[in-house]
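Enquirer: Structure for this input, please:
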Amino acid sequence: MADLHWWLLVVLAVLAVAVGGWWMAQRAQRAEWQRVQAQGLRYQLAQLDALHHRQFEHAVRDLMHRDGCGDAVQVGGAGDNGADVKATDPFGRRWVIQCKHRRAGLAGSAVGTPDLHVLNGTARQLHGADVVVLVTNGRFSANCAPLAKSQRLHLVDRRVLGQWASDSRPLWEILSRLPAPRRPGALS
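Expert: Presented below is the predicted three-dimensional model:
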């Protein structure tokens, strides 16, 4: 009787090892597929225009992830304190991004300075941002550019978004006047 139980334990152990190995292989394959998908991620402006505002935030998060921000996360929603996406680039800079989606794209209402004031008041103080960005698939009012420049905020309008989303260059290569890296990055 004891011999029977011993063999049963061996069979169960072999089965457990086989299932565990299969599970690990599947997990590794999924991770590799996600990495390959992220590297090839591209959006056209028409695709971004068709998204719901929450999906737009996810698309921005995915673009940051594609560009090497492994910790990119969508945090927007009630109580987000002006941050829809947070990420750390390979150079150690902390990015806080506010997204303003316009269903009508360029024909939609312009993003105005009140949105910049909210973002400027929370991004660095509450979220520890090094780089503060407001991104829209539309346009900004005329008063936004001078305010953004004076407060070290970065504006990503429809033109810049189109370039970033459809290209393979990371946003930090497209924007100017970024703070110095905190640490040498994997891409340097």
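Enquirer: tell me the phi and psi of the spatially most central residue of the chain?
Expert: Among the residues of the chain, the one closest to the centroid is residue 61, at 2.0 Å (CA atoms, centre = their mean). Taking degrees, to the nearest 10, you get phi -60, psi -50 for the backbone angles of residue 61.
Enquirer: Could you check the pLDDT of it?
Expert: Note for residue 61: predicted pLDDT of 97.
Enquirer: Was I right to think it contacts residue 95?
Expert: No - contact criterion CB atoms under 8 Å: residue 61 and residue 95 do not qualify, at 10.6 Å. In short, each C-beta sits where N, CA and C put it, glycine included.
Enquirer: Can you work out which residues contact both of these two?
Expert: In terms of CB atoms under 8 Å, 6 or more residues apart in numbering, residue 61 and residue 95 are both contacted by the residues 85, 87.
Enquirer: Would you map the helices across the protein?
Expert: 2-39, 45-49, 53-66, 113-122, 144-151, 158-166, 171-174 (DSSP state H).
Enquirer: Distance to residue 88 added to the ones you listed, as a markdown table?
Expert: Formatted as a markdown table, the helices of the chain follow (distance: least, CB to CB, whole Å):
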| stretch | distance to residue 88 |
| --- | --- |
| helix 2-39 | 16 |
| helix 45-49 | 24 |
| helix 53-66 | 9 |
| helix 113-122 | 18 |
| helix 144-151 | 21 |
| helix 158-166 | 18 |
| helix 171-174 | 12 |
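Enquirer: Which of these sits closest to residue 102?
Expert: Residue 102 sits nearest to helix 45-49 of all the helices of the chain, at 7.8 Å, using CB to CB.
Enquirer: So which residues make contact with the closest one?
Expert: Contacts for helix 45-49 (CB under 8 Å, 6+ apart): 56, 59, 101-105, 137, 158, 161-162, 165-166.
Enquirer: redo that, cut-off 7 Å
Expert: By CB atoms under 7 Å, 6 or more residues apart in numbering, the surrounding residues in contact with helix 45-49 are 56, 59, 105, 137, 158, 161-162, 165.
Enquirer: Counting neighbours, what do you get for residue 105?
Expert: Neighbour count for residue 105, taken as other CB atoms under 10 Å: 17.
Enquirer: which residues touch it?
Expert: Residue 105 neighbours (CB under 7 Å, 6+ apart): 45, 49, 137-138, 158.
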